[in-house]
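[1] Quick one: sequence plus predicted model below, questions after.
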Amino acid sequence: MKSFNPKEGVPGFSAAGISAGIKKNGAKDLALLLSLKPCTAAGVFTKNKVKAAPVLIGKNRLRKDMLQAVLVNSGNANACTGEQGMQDALLTCKKAASLLGIHENRVIPCSTGIIGVPLPAPAIIKALPRLIKSAYKSGIPDFAEAILTTDTCQKVVARQDSIGGEVIKVCGMAKGSGMIMPQMATMLAFIITNANISKGLLSSLLTKTADETFNRITVDGETSTNDTVLLLASGLAKKPLIRQSSPACKKFALLLHEVMRELALLVVRDGEGATKLINIRVVNAKTGKDAEKAAFRVANSNLFKTACFGGDYNWGRVMAALGNSGAALLPEKIDIHINGLSGVKSGQQAQGNNKRLKNSFKKAIIDIYIDLHMGRRGFEVTTCDLSCDYIKINAAYTT
């Protein structure tokens, strides 16, 4: 497995990103991901009960047909916009399909940005000819730029491997910085591959891998109305046809996992205002659910995350969060290590490492290892600190 330059593209796909005038600052805000022919596709979507119009359309179209294009806008979520929002999303897809000469059901819309504002469909439609003309196999960086909102950088991961004598490529593009909390998907992410694989297997691999990667990160405990992850396979790698439980399937699964895991980490590293990356690993919980509850409760503790930002070694925040997690535990059994140093022993402050622990808490990466001594199950979550800049960003998001 090795990296490749995203500008090399993935066989069967082209991409583009331009400015359509949706964002007031003139930044790129309209993107297109295009398959040269109808391709196999799978998706996972937000579990938020308030779903944006493009999410509802995308879920429906994925069930019915193969895909050929994904039309993405940033700067406007097209959420909580009623019937007009649905009609706007459908109209922009229809116009794109007409220009591309494909069936409109093979175009999926995606949106990200401010909730409750009507989608500027006329501006999008006007920009479509220019967008389509800009689509090239080397257009992945432009696409990745055009889908950003409060992100500070592009998030692109490209890996390839030899599977059955064929070079299989997997390239992922994501956006996500705030409103990040796992509920099947935690952002907009688009993953393309030249693998030859069935829709059913593609779907099961995506769901499993999303659960192991995107669903194990959190920035602020919030779940967006627009979260979507799409996986598209062009099938141009004719040999081999990837079958379930085959050696080829196992290698492809590892390739997919590598790309999605790295994308997930890029999202956390670019969390709104984030200055630190925090890994929280819970071990020896009574059940897997207990381990998950405990890890996420610590990861989403505002008190713990602000302490990390300030470099304030306050282990009591971790203990308090664990006690409020709903996980089965006994305080007197809990051991906690921070960056490999013993911080809590049997539920109380460990002796001898206090000065080193205080210095360790100021590092850019903080590893929290929590041993509940209740069973044999574990879970790991990656998060970031909460800084003053996070408050500034979200205090004036719509203004």
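    Yep, that arrived.

[2] Tell me the buried residues in the lengthiest helix in the chain?
    Scanning the chain for the longest helix, with DSSP state H as the assignment, gives helix 247-269. Applying a neighbour-count criterion of 16 or more other Cβ atoms under 10 Å, one finds 248-249, 251-253, 255-269 buried in helix 247-269. For every residue, glycine as well, the C-beta is placed using N, CA and C.

[3] for stretch 39-47, same thing?
    Neighbour-count burial for stretch 39-47, counted by 16+ other Cβ under 10 Å, picks out 39, 40, 41, 42, 43, 44, 45, 46.

[4] for the record, mean pLDDT for it?
    Across stretch 39-47, pLDDT averages out at 94.

[5] roughly how far out does that stretch sit from the chain middle?
    Here stretch 39-47 is found 13 Å from its chain centre; the criterion is Cα atoms, centre = their mean, to the nearest Å.

[6] picking that back up, packing partners for the longest helix of the chain?
    On a contact count with 3 or more Cβ pairs under 8 Å, 6 or more residues apart in numbering; DSSP states H and E, helix 247-269 meets strand 155-163, strand 166-175, strand 188-193, helix 199-212, strand 241-242, strand 277-285, strand 377-384.

[7] Partner strands of the second one and their direction?
    The one in question is strand 166-175. Using DSSP bridges, strand 166-175 pairs in its sheet with strand 155-163 (antiparallel), strand 188-193 (antiparallel).

[8] Poorly predicted segments of this protein, please.
    177-186, 396-399 (pLDDT under 70).

[9] That one: helices as residue ranges?
    Counting by DSSP H, the chain has helices at residues 53-64, 82-100, 121-133, 140-146, 199-212, 247-269, 288-299, 302-310, 315-323, 354-360, 388-395.

[10] Now do the buried residues in the fourth one.
    Across helix 140-146, burial judged by 16+ other Cβ under 10 Å covers 140, 141, 142, 143, 144, 145, 146.

[11] check contacts around the last one.
    Right, the one you point to is residue 146. Residue 146 makes contact with 16, 17, 18, 19, 28, 29, 30, 31, 72, 74 under the criterion Cβ atoms under 8 Å, 6 or more residues apart in numbering.

[12] Now do the residue lying closest to it once chain neighbours are set aside against residue 214, distance only.
    Once flanking residues are discounted, residue 146 sits nearest to residue 17: 3.0 Å by Cβ to Cβ, 6 or more residues apart in numbering. Distance of residue 17 to residue 214, computed by Cβ to Cβ, to the nearest Å: 22 Å.

[13] All set, thanks.
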